[in-house]
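**Student:** Mind looking at a prediction? Sequence and model below.
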Amino acid sequence: MIISISLIFIAYLFGSVASAIVVCKLLGLSDPRQAGSGNPGATNVMRLHGKKPAILTLAGDVLKGVLPVLLASYLGQAPWIIAICGLAAFAGHLFPVFFKFKGGKGVATLIGVLFASHWLLGISYVSTWLISAALFRYSSLSALIAAALTPLYSWLILNNQAFLICHSVMAILLYWRHTSNIKNLLSGKEDKIGKKKTTVQ
């Protein structure tokens with residue numbers, strides 16, 4: 001029990017490390033929370049500072065979801081603990097203790113959790129995102145469509161109640177964090193993929 005609780009706590013702390021803020025600080029770039037959408041995530045970093053820092057941010061956010069789940073699995077934890085570790089890492093990204101509980105929107109970290117839970121889950125989410133992005137040209141809408149289908153993918157691929165519940169909670173939280181994007185989509189104000197913004201140095 002102590003090991004299980006420790007793993008969940010570690011997963012939350014690991015998720016609380018804001019990759020966007022760390023990457024931008026190391027590269028001498030402006031804080032992504034102070035410009036653009038104000039979201040410390042790969043999409044905002046891309047708009048503000050370009051591909052290299054965005055790719056590094058994306059990789060960091062994905063790893064935050066992958067490593068805690070893989071660690072719990074490696075240590076032979078029960079499905080419930082493994083699933084909760086993924087949820088804890090995701091929650092850490094959304095509500096990071098190191099950054100006054102103001103984090104990102106969770107897409108990349110969710111992808112990491114899904115890949116670590118089962119590679120087909122990650123492929124399913126990413127494929128849905130890519131197809132939606134090609135059709136609609138909105139990053140946020142693509143993430144929302146993929147998130148809406150995540151519980152279904154989880155049930156079909158894993159058929160496990162623990163993962164289904166945790167993945168469903170993550171999908172709901174992702175929708176909540178995208179409230180402003182949903183409003184912009186409905187009002188026609190959401191930026192499309194490829195739209196350039198002024199770079200802030």
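**Tutor:** Cool, got the structure.
**Student:** May I ask you to confirm that P151 is in contact with H167?
**Tutor:** Yes: with contact defined as C-beta atoms under 8 Å, P151 counts as touching H167 (5.9 Å). In this view, the C-beta of every residue, glycine as well, is placed from N, C-alpha and C.
**Student:** Please say which of those two ends up with more neighbours.
**Tutor:** Shown here are P151 and H167; by other C-beta atoms under 10 Å, H167 has more neighbours (29 against 18).
**Student:** quick one: pLDDT of the more buried one?
**Tutor:** For H167, the model assigns a pLDDT of 98.
**Student:** Give the full set of residues in contact with it.
**Tutor:** H167 makes contact with A83, G86, V113, L114, S117, L121, T150, P151, S154, according to C-beta atoms under 8 Å, 6 or more residues apart in numbering.
**Student:** could you say which helix or strand contains it?
**Tutor:** If you go by DSSP states H and E, H167 is part of helix 161-177.
**Student:** Identify each buried residue in the helix or strand just after that helix, please.
**Tutor:** Next helix or strand after helix 161-177 toward the C-terminus (DSSP H and E): helix 179-187. Of the residues in helix 179-187, N181, N184, L185 count as buried by neighbour count, 16 or more other C-beta atoms under 10 Å.
**Student:** This protein: strands as residue ranges?
**Tutor:** For the chain, no strands turn up when DSSP state E is the criterion.
**Student:** Does anything pack onto whichever helix in the chain runs longest? Which helices or strands?
**Tutor:** Using DSSP state H, we find that the single longest helix of the chain is helix 51-74. Under the contact criterion of 3 or more C-beta pairs under 8 Å, 6 or more residues apart in numbering; DSSP states H and E, helix 51-74 touches helix 2-15, helix 19-26, helix 42-49, helix 79-94, helix 107-117.
**Student:** Run through who's touching the helix or strand of the chain with the lowest mean pLDDT.
**Tutor:** Every helix and strand in the chain was compared by mean pLDDT, DSSP states H and E; the lowest is helix 42-49, with a mean of 85. Here helix 42-49 makes contact (C-beta under 8 Å, 6+ apart) with 19-20, 23-24, 27, 29-30, 32, 35-38, 53-55, 57-58, 61, 108, 139, 191, 196-197, 199-200.
**Student:** try 7 Å
**Tutor:** 20, 24, 29-30, 32, 35-37, 53-54, 57-58, 61, 108, 139, 197, 199-200 (C-beta atoms under 7 Å, 6 or more residues apart in numbering).
**Student:** buried sites along stretch 20-28?
**Tutor:** Buried, per 16+ other C-beta under 10 Å, within stretch 20-28: A20, I21, V23, C24.
**Student:** right, and out of these, which lies closest to H93?
**Tutor:** A20 (10.2 Å; C-beta to C-beta).
**Student:** thought the closest one was touching D31?
**Tutor:** No: contact between A20 and D31 fails when scored by C-beta atoms under 7 Å: they sit 8.8 Å apart.
**Student:** Now do the contacts for A89.
**Tutor:** Counting by C-beta under 7 Å, 6+ apart, A89 touches A11, Y12, F14, G15, K64, G65, P68, T109, V113.
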